[in-house]
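In: From the sequence below, what's the structure:
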Amino acid sequence: MSTGAEGFAARVAAQVWGHRFMDGQRGPEYVLEFLNVLVGTDYRLNADKYRREKAERFRKFIFEGDKEGSKNGIVKLEEDKKEKLYEVIGDKDRVAVVREFFRNLEVPLYDGKGNLANRSWYAKSLYPLHESLLFFELRKKGESVSYERNFFARGGELYYLMLSYGTEHKEDIREEIQDRMKELLQKNKPISNIVEKMKEILDDDVETKDSDYALLKKDPDGKREYPELPITDHPLFFEFVEEFHRLIHLKLEINEMFHLLVSLVCFQLVRYMYDRTKPCIEDKVLMFVDCMDGQVSQILKLSAQSFLQNEIMVQQMFNKMIEEQFITKIKEIEEKIGGIEQWSQDPKKFFENMGFGKTRNGKQRIEKLLNSCKSVDDFVDQATEVVQEIVSSQLKKHQLAVVRGVIRDGGMGGFRVGTNYRYFMTDKFLEMLVLTNVESQCSIEFSEFLKLIYTKYGFVIGEEQAKISGLYEQSRLNISYFQRNENALREKLKKNGLLIEYSDATAMIKNPYHSVKEKVVL
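Out: Below is the predicted model of the structure:
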């Protein structure tokens, strides 16, 4: 855990969301992490630990010549291993063909500006055409290579726990998810045969060690790290299970399903994050979606305002938690080293106990308050705002960035140069929304779909939901803007083959895919 304001912010985030989501992680990594965990538990959603796959030499072979760490090193496979590959597979050209095949399976990761993320070879991933292509991120320090859990697996572990808790009292659904995921990730046997042969030639991951396992639940001795959600019984978790269950049972190959899973998992994480930061349980978090691709300024601005309001909601909850955490910490310090007099005499010791030893901003202001305040209560009242300012910069830099990143990578929002973040829906996100809310080979009216995604998720798009939510009155926009926005979504669904128009008044949204659970009629 980081120290200073960053560590303080991270501890607050862990209390709100869990330990922990990282702002540098991309949407596909959440899904890949989850799949790594699931495969490592042998497809059990109630496991205590999971096995991690290193495949160090196999990945060196695939990414040879790529960046290695921050010192401009280049990854190289050992010469004796190369020679062995040439002996078994054939000449260099054949080996190069095999390498090129796997290189083409690399999952591209993009940063907030749409540029390829700068990842070293040991942090790159492949599309999970088979479970044998799932690897855990590594950390390279000198010649030593170990597992990198600090960055990789955290979000995936937490998502695994959400599905685990969501299926705790639904054993039949849990078994169906486990069986279907096993079927999807073990289906492509030719890929598996090639990978296993390559690992055999390279002497990769010959035997499993204790260090290959990571914990998912608290260890009895309490020394080993494990992922933790602040809440285990949440109605959203079962909702996530239902959506996940419906999507994975459609007749799609894993390579087609992967991108839909990225949209689904990111969307679910955003809903969880918003739900954990809304002021009251009964509150509905509204998201006004720009369906006109930023072409109408009034719609764009309204969507950006909606996005900003939800960011303020997150910020306010964190400020509240910062205050609570600060008060708790002050009480601990008071018991440990005494009260305000001792703090003013040795402010360095006070800051170290607060965890602000390495923090620069705001320390002088707090030190002045230590000298001027006559009581601990007086100090807390005046110092809380300063602490919030110190920590809020870290929250904005990291925790708020997590929400933006997940929204962007899931396809439900983002920004263009010259505009603020706003909500919109990419084609893939829209497809996921339909497939997880409409039964396979079934249809619902377009108006019913709009009602459904408003009631369930808080999406505001057209006239009716704008009026119900109060957004129409607040915005003071002509009702025609909401009508045009609704028609734009209707056209987008039609273009993607998800909507059929029978007349101006009747349009049906259809899930065109079959489910593997459907009975075949002979």
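In: Low-confidence stretches in the stretch 301-450 of the chain?
Out: The model of the stretch 301-450 of the chain has pLDDT under 70 over residues 357-361, 417.
In: In it, what residue spans correspond to helices?
Out: Under the criterion DSSP state H, counting those that start in this stretch, the stretch 301-450 of the chain contains helices at 340-345, 347-354, 363-372, 376-394, 400-410, 427-437, 446-457.
In: Is residue 230 part of a helix or strand, or is it coil?
Out: Assigned with DSSP: H, G, I helix; E, B strand; the rest coil, residue 230 falls in the coil class.
In: roughly how far apart are it and residue 331?
Out: Residue 230 sits 21 Å away from residue 331 when distances are taken as CB to CB, to the nearest Å. Every C-beta, even on glycine, is put in place using the N, C-alpha and C of the backbone.
In: can you check residue 430 too?
Out: For residue 430 relative to residue 331 (CB to CB), the value is 50 Å.
In: Which residue of the two possesses the greater neighbour count?
Out: More crowded of residue 430 and residue 331, by other CB atoms under 10 Å: residue 430, with 22 against 12.
In: Listing partners with orientation, what would you give for the helix or strand hosting residue 509?
Out: Residue 509 belongs to strand 507-510 when assigned by DSSP states H and E. Sheet pairing of strand 507-510 (DSSP bridges) gives strand 443-445 (antiparallel), strand 499-501 (antiparallel).
In: what does it contact?
Out: 434, 438, 441-446, 449, 490, 493-494, 498-502 (CB atoms under 8 Å, 6 or more residues apart in numbering).
In: Quick check on the residues you listed: which are buried?
Out: 434, 438, 443, 444, 446, 449, 490, 493, 498, 499 (16 or more other CB atoms under 10 Å).
In: Closest to residue 51 out of the residues you listed?
Out: Checking the buried ones among the contacts of strand 507-510 against residue 51 with CB to CB, the nearest one is residue 434 at 36.1 Å.
In: For the spatially closest residue to the closest one that is not a sequence neighbour, give me its contacts.
Out: Leaving aside its sequence neighbours, residue 434 sits nearest to residue 498 (CB to CB, 6 or more residues apart in numbering; 5.0 Å). Listed by CB under 8 Å, 6+ apart, the contact partners of residue 498 are 430, 431, 434, 509, 510, 511, 512.
In: Also residue 296?
Out: Counting by CB under 8 Å, 6+ apart, residue 296 has contacts 481, 484, 485.
In: Which strand or helix spans residue 140?
Out: According to DSSP H and E, residue 140 maps onto strand 138-141.
In: how about that strand: buried residues?
Out: Within strand 138-141, the residues that count as buried by 16+ other CB under 10 Å are 138, 139, 140.
In: Tell me the bridge partners for the first one.
Out: Note on residue 138: beta-bridge partners by DSSP bridges are residue 147.
In: my read: it touches residue 124, true?
Out: No - contact criterion CB atoms under 8 Å: residue 138 and residue 124 do not qualify, at 10.2 Å.
In: Identify the contacts common to these two.
Out: Common neighbours of residue 138 and residue 124, counting by CB under 8 Å, 6+ apart, are residue 59.
In: Could you dump the buried residues of strand 138-141 into a markdown table with distance to residue 99 and pLDDT added?
Out: Formatted as a markdown table, the buried residues of strand 138-141 follow (distance: CB to CB, whole Å; pLDDT from 0 to 100):
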| residue | distance to residue 99 | pLDDT |
| --- | --- | --- |
| 138 | 19 | 81 |
| 139 | 24 | 77 |
| 140 | 20 | 72 |
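In: Output these as a markdown table; include the columns distance to residue 467.
Out: Listed next are these as a markdown table, based on distance: CB to CB, whole Å:
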| residue | distance to residue 467 |
| --- | --- |
| 138 | 54 |
| 139 | 54 |
| 140 | 57 |
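In: ok, so of these, who is nearest residue 195?
Out: Taking CB to CB as the measure, residue 195 sits nearest to residue 138 out of these, at 17.2 Å.
In: ok, the closest one - contacts?
Out: Per CB under 8 Å, 6+ apart, neighbours of residue 138: 54, 56, 59, 122, 123, 145, 146, 147, 148.
In: could you redo the last one with a cut-off of 10 Å?
Out: 52, 54-56, 59, 120-123, 145-148, 152 (CB atoms under 10 Å, 6 or more residues apart in numbering).
In: so which of the helices of the stretch 301-450 of the chain comes closest to residue 28?
Out: helix 400-410 (7.3 Å).
In: Taking helix 427-437 as reference, get the angle to that closest one.
Out: With axes from the mean of the first three to the mean of the last three CA atoms, to 10 degrees as the basis, helix 400-410 and helix 427-437 are set at 90 degrees to each other.
In: so how far is helix 400-410 off the chain centroid?
Out: Distance, stretch centre to chain centre, for helix 400-410: 8 Å (CA atoms, centre = their mean, to the nearest Å).
In: What of stretch 131-142?
Out: 19 Å.
In: thinking again about what came up before, of the contacts of residue 138, just say which sits nearest to residue 197.
Out: So of the contacts of residue 138, ranked by how close each gets to residue 197 (CB to CB), first place is residue 55, at 13.2 Å.
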